[in-house]
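Visitor: My questions concern the predicted model and sequence given below.
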Amino acid sequence: MALIELMQRRRSVRRYSARPVSREDVLKCLEAARLAPSACNSQPWHFIVIDEPALKDRISERIFSGLYSMNKFAGEAPVLVAVVSEKENFLASFGGQVRDTSYCLVDIGIACEHFILQAQELGIGSCWIGWFDEGALKKELKIPKNKKIDIVISLGYPAEDKIVPKQRRSTEEMSSFNKYR
Ligand SMILES: Cc1cc2nc3c(=O)[nH]c(=O)nc-3n(C[C@H](O)[C@H](O)[C@H](O)COP(=O)(O)O)c2cc1C
């Protein structure tokens, strides 16, 4: 499938079928993430794939409750992926401080989208999840307190096959040539 068509078809999937996702397919998504570019080739990410059903259910119960219950749907996905921010290399970290920017977040965004687009190509749906109980997730996975998990990805076959029209600003509104606006 052409890349543009994949991007048109990708949507946030919030209803999943019970069909499991194979390790083989998850590994293809991880390979896509692995190939992502990053500032100074820092690769500041660690993907934790949670596909053991009892563990996944227990974690979902804890991280999508209370304040975070709007994302309970993600617990229906057969796989969750926690993306841990790792230490950037010296150059990326130094450059980021001088520029007052987080290359790490940019890098993680790219790697996650590689992961998600590869999943889409395999017919597997996903949703970015930025709203979850990070402390509970760290506790469950024994991740040190000083680490950051900005994103969880839910992964599974969509319960329904539909194409949702994208609600996006127009090209004219979001871009310009040779000047700002
Ligand atoms: C960084 C980030 C965090 C997000 N967090 C959530 C979330 O916590 N819950 C949710 O249902 N969707 C979440 N989304 C999905 C967005 O709502 C969705 O991508 C956006 O509305 C566009 O819709 P589409 O993905 O179907 O094209 C997140 C997306 C991004 C990129």
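Guide: Okay, I see it. Residues are numbered from 1 along each chain as shown.
Visitor: Assumed Ser60 was part of a helix.
Guide: Yes - under DSSP: H, G, I helix; E, B strand; the rest coil, Ser60 sits within a helix.
Visitor: need the contact list for it.
Guide: Lys72, Ala74, Gly75, Leu80 (C-beta atoms under 8 Å, 6 or more residues apart in numbering). From N, CA and C alone the C-beta is placed, and that goes for glycine too.
Visitor: Pro44 too?
Guide: Neighbouring residues of Pro44 by C-beta under 8 Å, 6+ apart: Ser38, Ser85, Glu86, Lys87, Glu88, Asn89, Ala92, Tyr103, Cys104, Asp107, Ile108.
Visitor: how about it, phi and psi?
Guide: With angles defined as degrees, to the nearest 10, Pro44 sits at phi -80, psi 60.
Visitor: circling back to that earlier point, among the contacts of Pro44, which are in strands?
Guide: Ser85 (DSSP state E).
Visitor: Looking at the contacts of Pro44, which is nearest the ligand?
Guide: Ile108 (9.5 Å; C-beta to the nearest ligand atom).
Visitor: Once you drop chain neighbours, what's closest to the closest one?
Guide: Computed as C-beta to C-beta, 6 or more residues apart in numbering, the closest residue to Ile108 that is not its neighbour in sequence is Trp45, at 5.4 Å.
Visitor: Which two among the contacts of Pro44 are spaced furthest apart?
Guide: Largest separation among these by C-beta to C-beta: Asn89 and Ile108, giving 14.6 Å.
Visitor: the more surrounded of these two?
Guide: Ile108 (24 against 16; other C-beta atoms under 10 Å).
Visitor: Could you check how far Ile151 is from Thr171?
Guide: 27 Å (C-beta to C-beta, to the nearest Å).
Visitor: of those two, who's got more company?
Guide: A side-by-side neighbour count of Ile151 and Thr171, using other C-beta under 10 Å, places Ile151 first with 20 against 8.
Visitor: Where does the more buried one sit, in terms of helix or strand?
Guide: The secondary structure element spanning Ile151 is strand 148-156 (assigned by DSSP states H and E).
Visitor: contacts for the following helix or strand past that strand?
Guide: Later in the chain than strand 148-156, the nearest helix or strand by DSSP H and E is helix 171-174. Applying C-beta under 8 Å, 6+ apart, the external contacts of helix 171-174 come out as Arg168.
Visitor: Does helix 171-174 reach the ligand?
Guide: No - residues of helix 171-174 contacting the ligand under C-beta under 6 Å from any ligand atom: none, with a closest distance of 14.0 Å.
Visitor: Brilliant, that's me finished.
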